[in-house]
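Asker: Sharing a sequence plus its predicted fold:
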Amino acid sequence: MRKTAFILPIILVFAVAAEGAGPKTLTKTVRAGDLEALDLNSGIGDVTITAREGLEEVTIEVVLTPRRGGIFSSKRQAEREVEAASLASSVKRERLKLRIASTDDEDRRFEERWVIEIPSRLAVRLEHAVGDVEIRGVAAGVELDSGVGDVDVMVPEGNIMINLGVGTAVVQAPAAVYGAAEAAGGVGSAKLEVRGERIESGGFVSKSASWKGNGRYRIEVAVGVGDAVIKLE
């Protein structure tokens, strides 16, 4: 009986500690006003950006989850970093700049999962480290630099510039508004499809495929290791 009474408080202590070590959610709403672009700098984790017509504000939610950086990394240190982290935002020259401010920007021990809604008239500039990226509905252009992960972009118009280190990048858009498209894969494949017709790629090791149209916008997708895919309907 005494043994049971001794163990039970220990179990309860661990349960309370585990409950307090969960993810942290940061939120913010910004009036769109005269904004012209969203500029996001993100670390490790997934990013989802959805643009909609008629919106008059930008809504941001980012979930921070502690993670171990290695076998000797302290989980408690990661938890402290999450507790201290904050959502930094500023507006400069009609650009809304977002990032997570951390006590250690060089070796962050947490993941970021971003979910952002913006007006479709805003352009998007994204610098991303590791994780998947999904962008929908942006009509004013997308510029993306990402290290590792898959990228999925579907837009109605606007210039698209994607540079991905490792992964698969897919862009879908209407053919009528584009005047040029180019897909390039270093070690992997380049796939370009226009109204159901496949444009053959060339190259021995690195592959590339290009197309000329009559629209005003341009698409460029470059992947170091993986697949670069453009589909124009």
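Answerer: Okay, I see it.
Asker: Looking at residue 220 now. What's its pLDDT?
Answerer: Confidence at residue 220, expressed as pLDDT, is 98.
Asker: can you pull the contacts of it?
Answerer: Residues in contact with residue 220 (CB atoms under 8 Å, 6 or more residues apart in numbering) are 160, 161, 162, 181, 182, 184. To be clear about C-beta, it is placed using only N, CA and C from the backbone, and glycine gets the same treatment.
Asker: Please name the bridge partners of the closest residue to the fourth one other than its chain neighbours.
Answerer: This points to residue 181. Of all residues not flanking residue 181 in the chain, residue 219 sits nearest, at 4.3 Å (CB to CB, 6 or more residues apart in numbering). For residue 219, the beta-bridge partners are residue 160, residue 181 (DSSP bridges).
Asker: Check the spacing between residue 219 and residue 182 real quick.
Answerer: The gap separating residue 219 from residue 182 is 7 Å, by CB to CB, to the nearest Å.
Asker: Can you pull the residues that touch both of the two?
Answerer: With CB under 8 Å, 6+ apart, residue 219 and residue 182 have common neighbours residue 230.
Asker: Neighbour count: the two, which is higher?
Answerer: Counted by other CB atoms under 10 Å, residue 219 and residue 182 do not tie: residue 219 has more neighbours, with 26 against 18.
Asker: Helices along this structure, start to end?
Answerer: Assigned by DSSP state H, the helices in the chain fall at 2-19, 75-84.
Asker: Could you tell me the least trusted of the ones you listed?
Answerer: helix 2-19 (a mean of 36).
Asker: so who does residue 97 touch?
Answerer: 39, 40, 41, 89, 90, 91.
Asker: so which of those comes closest to residue 232?
Answerer: residue 40 (26.0 Å; CB to CB).
Asker: Take the contacts of residue 97 and keep only those in strands.
Answerer: If you go by DSSP state E, the contacts of residue 97 have 39, 40, 41, 89, 90, 91 in strands.
Asker: Just the buried ones out of the residues you listed, please.
Answerer: Neighbour counting by 16 or more other CB atoms under 10 Å classes 39, 40 among the ones in strands among the contacts of residue 97 as buried.
Asker: Can you pick out the most distant pair from the ones in strands among the contacts of residue 97?
Answerer: It's 41 and 91 that sit farthest apart of the ones in strands among the contacts of residue 97, by CB to CB, at 14.9 Å.
Asker: can you tell me how far residue 110 sits from residue 166?
Answerer: Per CB to CB, residue 110 is found 22 Å from residue 166.
Asker: More neighbours: those two, which one.
Answerer: residue 110 (24 against 17).
Asker: any chance of the contacts of residue 97 in TSV, with pLDDT and distance to residue 155 too?
Answerer: Converted to TSV, the contacts of residue 97 look like this (pLDDT from 0 to 100; distance: CB to CB, whole Å):
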residue	pLDDT	distance to residue 155
39	98	17
40	98	16
41	97	21
89	97	24
90	96	26
91	96	24
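Asker: which of those lies closest to residue 151?
Answerer: Nearest to residue 151 among the contacts of residue 97 is residue 40, at 13.8 Å by CB to CB.
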